[in-house]
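Peer 1: below are the sequence and a predicted model; questions follow.
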Amino acid sequence: MRISNPGVTTIVTQATAANLQVAPEHLDRLPHYAELPHGVLTDVWDPAAGYSIHVTSMTVSVEGVGLLVLQHGATVFMTMHFNEKKTVPIHSGGDITFPVDAILRGTFTADNATDSGYATAFGHEHA
């Protein structure tokens with residue numbers, strides 16, 4: 001890739017297979033994504049055994065009118081009602097920390113019983 005701007009130093013970078021790989025110590029920092037089919041409780045992020053999830057931000061979107069619910073274990077921590085197809089960023093101002101081994105799950109209940117929802121969580125895991 002070449003990035004240049006008149007009067008500014010040109011920067012040349014080259015991507016190789018080696019520098020495109022994610023180092024193992026950063027695998028817990030990848031976004032966790034899930035499609036939430038109508039009425040199906042779906043895992044968004046299942047942490048490693050003995051770890052807790054720390055969510056720094058999320059993005060949720062829906063294909064239509066309905067109710068999106070996010071929970072850890074059996075505890076509901078967010079409920080969102082949608083009146084139309086929409087994408088919403090969620091910023092907490094800090095980590096949302098879940099109990100050790102708690103799985104982040106979501107479900108979308110569409111008014112038309114066919115639309116899906118989507119959830120992407122960003123953050124990390126801690127032992």
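Peer 2: Thanks, I have the structure now. All of these numbers come straight from a predicted model, not from anything done at the bench.

Peer 1: how far is stretch 83-101 from where the chain is centred?
Peer 2: With Cα atoms, centre = their mean, to the nearest Å as the basis, stretch 83-101 stands 8 Å off its chain's centre.

Peer 1: do stretch 72-84 as well
Peer 2: Distance of stretch 72-84 from its chain centroid, counting by Cα atoms, centre = their mean, is 14 Å.

Peer 1: who touches residue 100 in this structure?
Peer 2: The contact partners of residue 100, taken as Cβ atoms under 8 Å, 6 or more residues apart in numbering, are 50-52. All C-beta atoms are positioned from the backbone trio N, CA, C, and that covers glycine.

Peer 1: filter those down to the buried ones, PyMOL style.
Peer 2: Burial among those is assessed by 16 or more other Cβ atoms under 10 Å; the matching PyMOL selection reads:
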select buried, resi 51+52
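
Peer 1: so of the contacts of residue 100, which ones are in strands?
Peer 2: Judged by DSSP state E, the contacts of residue 100 include residue 52 as members of strands.

Peer 1: can you map out the helices along the chain?
Peer 2: In the chain, the helices defined using DSSP state H lie at 17-20.

Peer 1: show me where it has strands.
Peer 2: Using DSSP E, the strands of the chain run over 2-5, 8-12, 32-36, 42-45, 52-62, 66-72, 75-82, 86-97, 104-110, 117-126.
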